[in-house]
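A.B. asks: Show me how the following folds:
(one chain, ligands or ions: 1)
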Amino acid sequence: MVSKPQRSDLPTFSSIDYNAIQAELEAMLDANRKRLEELLTATDVYTWDNLMAPIETMDDTLHRFWARVSHLNNVKNSDSLRSVYEACIPLLSAYSTELSHHKGLYDAICTIQQSPAYADLSVAQQKTIHNNLRDFRLAGVHLSPEKKADVAKLSEDLAGLSTTYSNHVLDATQAWSLHVTDEAQLAGIPDYVCAMAKAKADAEKKEGWLFSLDFPIYYAVLSQGKDAWVREQMYRAYVTRASDAGPNAGEFDNTSIMQSILEKRLALANLLDCDSYAHYALATRMVKKPEDVMDFIQRLGEPTKVKADEEFSELRAFAKEQLGLDELAPWDVTFAVERLREHAYAISQEALRPYFPLQAVLDGLFDTLNRLFGLSLERLEGCDTWHDDVSVYALSDKAGVLRSYCYIDCYARSDKRGGAWMDDLQGRRKREDGSIQLPIALVNCNFTPPDGDRPSLLTFEEVETLFHEFGHALQHMLTTVDVSDVAGISGIPWDAVEFPSQFMEHWAWDRAIMTRMAKHYQTGELLGDAMIDKMYAARHFQAAMRMTRQLEFAWFDMQLHASFDPSNTQAVMDTLHQAQERYAVAPRVDPYRFAHAFSHIFAGGYAAGYYSYKWAEVMAVDAFSVFESRGGFDSKTADDFARCVLEPGGSRDPDELFREFAGRDPDPMVLLRHDHIIDEVSA
Ligand code: ZN
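C.D. replies: This is a model prediction of the structure:
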C-alpha cells in the first residue's frame, strides 16, 4: 500500500505554549521514572517487548517533545524561550545521569543479552542492546557508589573547566584591539571591516579605528591588509590569546586550566578502566585505537608534507617577486596566499553569486537525488511551521513509497542561530502497535534572504553547504531501520557522522549538476565551461598546506590525549612543538600559544576527535570515487550506496558497511589523489 503525505503526520509549532514547557517536561520525566520502575518490577524475565520497546516509546515521546523546543530555541530565539530552555537543561541532564547509573536497568538489559531469545532479535535490536550496555559501562554503572560519585564529580569539574577555558578565550579576544589612527594603514582592508572598526572606535570615544580580534575582522586584516606592521600586531595578539604571553599576558591564562582538564580527563578514563582519555573517547568510535589514528595521520601526512613544502616554496618565490616580501614572516603568509590565489585564478565567490539563485540550486539538488536514488520531493503547502519562509517536503522513493518529511529553513534571521546544520525532529521506528513512525529532518542554513526583485543568491561555498546538510538529512530520511536508537542519524559513531554529508558535497561539483544549476538570475546566461574550469583549477589550490595544518592539529590532539603524563607540566607546549616539527611548513613566531585557544578540543566536543574531519573526508571522497569509476550517475552504485550507507543508520558498524559498498577499506590515497597532492601513478 502506498501512503500519501499527510499534514497530520507532522507536529505543530504554533501551538507550543512556552509557559507550559517546564511543567510538561517535569511531568513527562516523572511519568518516565515511574513507568521504568513499574517495568522493572512487573516481571523477572525481561524481554525486548516487555522492557526495551516500552523504554523506546518513553524515549521517543520525550525526544519528539524536546526536539521541537530545542529547535525553536535555535531558529526562533527569544528571551522568554531561552529562559525556559535554560531552566530545562539541568532537568534533562540530571535525568540522563540518573538513567546511565541505574544498575537495576543495566542488570535487566544484561539478562536480555544473555537469554536464548537474544539470538532471535533483529540486528538493530541487538545493536541497540549492545550500545546501551556499552554506554552504561562507560558511564560507570558497575562502579561502587563512591567511585560513581567520583565520576560525577570529575564530569562536573570538567564541564566547569571547559566553560572557564572558553570564557577566557572569549574575554581575551574581546579585551584587545589594535588602535589605528593613520588612514594609510587601512590600505587593502575591505570597507565594511573598516566601518566596523570605526564604529568600535566611536563607541569607545577614540580617534580613528579599533580592529578587534573577532575572527572575521582578524581574518580580513590578515588576508587583505597591505600594511605589514598592522598585520604583525594583530597576528601576535591573536596567537597568544588566553595565555601567559602576548599583550594581555597572564590575564586570561589557560595554561593551568588545560593542565587540569587533561589531568581530570585521564582520571576519568582510568576510573572507567581505560588507559588514556583517547582510549575512552575511541570506545564509541569507528577507529578503535589511538595507534590507528596516528597511523592514519601519518599515512596522509608523509606525502602531504612533501607537497606542502613545495607549495610553500612557490609562495615564497611569488611573495619575493610580486609582493616585494624578501622574507615571508608568519603574518605575511595569509596575505601572500590570497594574492597568489587572485593572481593564479582570478575568481571570487562574490562574482559567482548571481549564477546561483537558491531555487535553481534546490532544483539541481533535487534533480541529483532523483537521478541517483530515484527520489522525489513534493512540497506540502499550508503546514504549521515557525516562519513563513520555511518549506516542508515529503520524500518518496522510486517505488512511490512515502519515506519521510523534511523542513527546509534557508534564510538568515536575527533570532536564528548562525551557520548551517541538520537536526532530527523525529526518528523512524516501529511503534508498539506495529505502525511505522516516519523520520522527519530539519535542514537549516543562513543564506541571504531575497530583497525586492532579487532572489536569494548563493556563493558556491553555500551551494556546497546545502548539499552537505542534505547529506545528513538523507541518512536520517532514508533509513529503513525500525528501532529509533540506531535508525537514521542515531547511534552512528561520531567519527563517521560527516561521511554522507561530505559525500554529497562532491555532487555539487559534478559538471552536469553545476551546469544545470548555474544560470545568471537576470540574464539567464550559463556559467560556461571556461568559468567552471577555473573553479575546478582553484579548488585544490594549496590543498597540501591546508591539509598539513589540519593534520598538525589532529596529531597534537591525539598525541596529547593518548600519552598525557600529569607529572609533565610542559606536556601541552612540548606536544605542540612536536606537532609543529612534524607538519608545520610556514614559520611560527615565538611566543606562539595556539593550544591556549584551541576550543575544539578543550571546550568543544572534539577531544581526541579532531582527526574525524579527515577520517570522514577520506570515506566520502573514496565512496565518490567508486561512482566516478563507474561513470558518475550509476544507478546500481547508487542503490548499493543507499543500502550500505543511507539506510542502515547506526544499526551496523560503518567499516563493515563501507567494505560491503566498496569491496575494500577506505583508502587515504584517494583523498591525496583527489586533492592533487600525489599524482595518479605514484599511488
Ligand atoms: Zn556536517
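
A.B. asks: Of all the residues in stretch 211-218, which ones are buried?
C.D. replies: Buried residues in stretch 211-218, defined by neighbour count with 16 or more other Cβ atoms under 10 Å: 211-213, 217-218. Backbone N, C-alpha and C define where each C-beta goes, glycine included.

A.B. asks: And stretch 550-562, by the same measure?
C.D. replies: 550-562.

A.B. asks: phi, psi of Lys226?
C.D. replies: The phi/psi pair for Lys226 (degrees, to the nearest 10) reads phi -80, psi -20.

A.B. asks: so what's the residue in the stretch 1-150 of the chain that the ion sits nearest to scoring on pLDDT?
C.D. replies: The stretch 1-150 of the chain approaches the ion most closely through Asn74 (15.3 Å), counting by Cβ to the ion. We have a pLDDT of 94 for Asn74.

A.B. asks: Which positions in this structure make contact with the ion?
C.D. replies: Contact residues (Cβ under 5 Å from the ion) of the chain with the ion: 498, 501.

A.B. asks: by contact count, what packs against the lowest-mean-pLDDT helix or strand in the chain?
C.D. replies: Lowest by mean pLDDT, DSSP states H and E among the helices and strands of the chain is helix 349-352, with a mean of 82. If contacts are counted by 3 or more Cβ pairs under 8 Å, 6 or more residues apart in numbering; DSSP states H and E, helix 349-352 sits against helix 460-477.

A.B. asks: other SSEs contacting the helix it packs on?
C.D. replies: Secondary-structure packing of helix 460-477 (3+ Cβ pairs under 8 Å, 6+ apart): helix 349-352, helix 358-373, strand 402-411, strand 421-426, strand 440-447, helix 499-508.

A.B. asks: Please identify the most buried of those.
C.D. replies: helix 499-508 (a mean of 24; mean count of other Cβ atoms under 10 Å).

A.B. asks: So for that one, mean pLDDT?
C.D. replies: In this model, helix 499-508 has a mean pLDDT of 98.

A.B. asks: about what we covered before: now the buried residues of stretch 211-218 as JSON lines including pLDDT?
C.D. replies: Below are these laid out as JSON lines (pLDDT from 0 to 100):
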{"residue": "Phe211", "pLDDT": "97"}
{"residue": "Ser212", "pLDDT": "94"}
{"residue": "Leu213", "pLDDT": "94"}
{"residue": "Ile217", "pLDDT": "92"}
{"residue": "Tyr218", "pLDDT": "95"}
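
A.B. asks: Okay, now the unreliable bits of the stretch 251-400 of the chain?
C.D. replies: In the prediction, the stretch 251-400 of the chain carries no residues with pLDDT under 70.

A.B. asks: actually the chain, not the one I typed
C.D. replies: 1-2, 681-683.

A.B. asks: Nearest to the ion: which residue in it?
C.D. replies: Residue nearest to the ion within the chain: Ser501 (4.1 Å; Cβ to the ion).

A.B. asks: Distance check, that residue against Pro566.
C.D. replies: Here Ser501 is placed at a distance of 37 Å from Pro566 (Cβ to Cβ, to the nearest Å).

A.B. asks: How about the residue nearest the centre of the chain, nearest residue that isn't a chain neighbour?
C.D. replies: Nearest to the mean C-alpha position of the chain, counting by Cα atoms, centre = their mean, stands Glu498 at 6.9 Å. In this structure, Glu498 finds its nearest non-sequential neighbour in Ala616, 3.7 Å apart by Cβ to Cβ, 6 or more residues apart in numbering.

A.B. asks: so which strand or helix has the one you found?
C.D. replies: Taking DSSP states H and E as the definition, Ala616 sits inside helix 612-629.

A.B. asks: export the helices and strands packed on helix 460-477 to a markdown table and tack on distance to Val151?
C.D. replies: Shown next, in a markdown table, are these (distance: least, Cβ to Cβ, whole Å):
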| stretch | distance to Val151 |
| --- | --- |
| helix 349-352 | 47 |
| helix 358-373 | 44 |
| strand 402-411 | 38 |
| strand 421-426 | 28 |
| strand 440-447 | 33 |
| helix 499-508 | 31 |
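
A.B. asks: biggest helix in this protein, by residue count?
C.D. replies: Under DSSP state H, the helix in the chain containing the largest number of residues is helix 290-323.

A.B. asks: Pull out the buried residues from that one.
C.D. replies: Residues of helix 290-323 classed as buried by neighbour count (16+ other Cβ under 10 Å): 290, 293-294, 296-297, 300-301, 303-305, 307-308, 311-312, 315-316, 318-319, 323.

A.B. asks: now the strands for this protein?
C.D. replies: Here the chain has its strands, by DSSP state E, at 177-180, 209-212, 376-380, 391-396, 402-411, 421-426, 429-430, 436-437, 440-447.

A.B. asks: Quick one: closest of the ones you listed to Asp665.
C.D. replies: Of all the strands of the chain, strand 421-426 sits nearest to Asp665, with 27.0 Å by Cβ to Cβ.

A.B. asks: Neighbouring strands of the closest one in the sheet, and parallel or not?
C.D. replies: The sheet places strand 421-426 alongside strand 440-447 (antiparallel), with pairing taken from DSSP bridges.

A.B. asks: what's the angle between the partner strand and strand 391-396?
C.D. replies: 140 degrees (axes from the mean of the first three to the mean of the last three Cα atoms, to 10 degrees).

A.B. asks: contacting residues around strand 440-447?
C.D. replies: Residues outside strand 440-447 that contact it (Cβ atoms under 8 Å, 6 or more residues apart in numbering) are 10-11, 71, 74-75, 358, 404-412, 416-426, 456, 458, 462, 465-466, 469-470, 472-473, 476-477.

A.B. asks: from the middle of its chain, how far away would that strand be?
C.D. replies: Here strand 440-447 is found 14 Å from its chain centre; the criterion is Cα atoms, centre = their mean, to the nearest Å.

A.B. asks: Take it, keep the C-alpha atoms, and write them as PDB.
C.D. replies: Once non-C-alpha atoms are left out, strand 440-447 reads as follows in PDB (Å, rounded to 0.1, in the frame of the first residue of the first chain):
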ATOM      1  CA  ILE A 440      11.500  14.000  10.000                       C
ATOM      2  CA  ALA A 441      14.600  16.000   9.200                       C
ATOM      3  CA  LEU A 442      15.300  19.700   9.700                       C
ATOM      4  CA  VAL A 443      17.700  21.400   7.300                       C
ATOM      5  CA  ASN A 444      18.800  24.900   8.400                       C
ATOM      6  CA  CYS A 445      21.000  27.400   6.600                       C
ATOM      7  CA  ASN A 446      21.800  31.100   6.900                       C
ATOM      8  CA  PHE A 447      21.600  32.300   3.300                       C
END
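
A.B. asks: quick one: it to strand 402-411, angle?
C.D. replies: Using the same axes, to 10 degrees: strand 440-447 against strand 402-411 is 20 degrees.

A.B. asks: returning to that earlier point: roughly how far is the longest helix of the chain from the heart of the chain?
C.D. replies: 25 Å.
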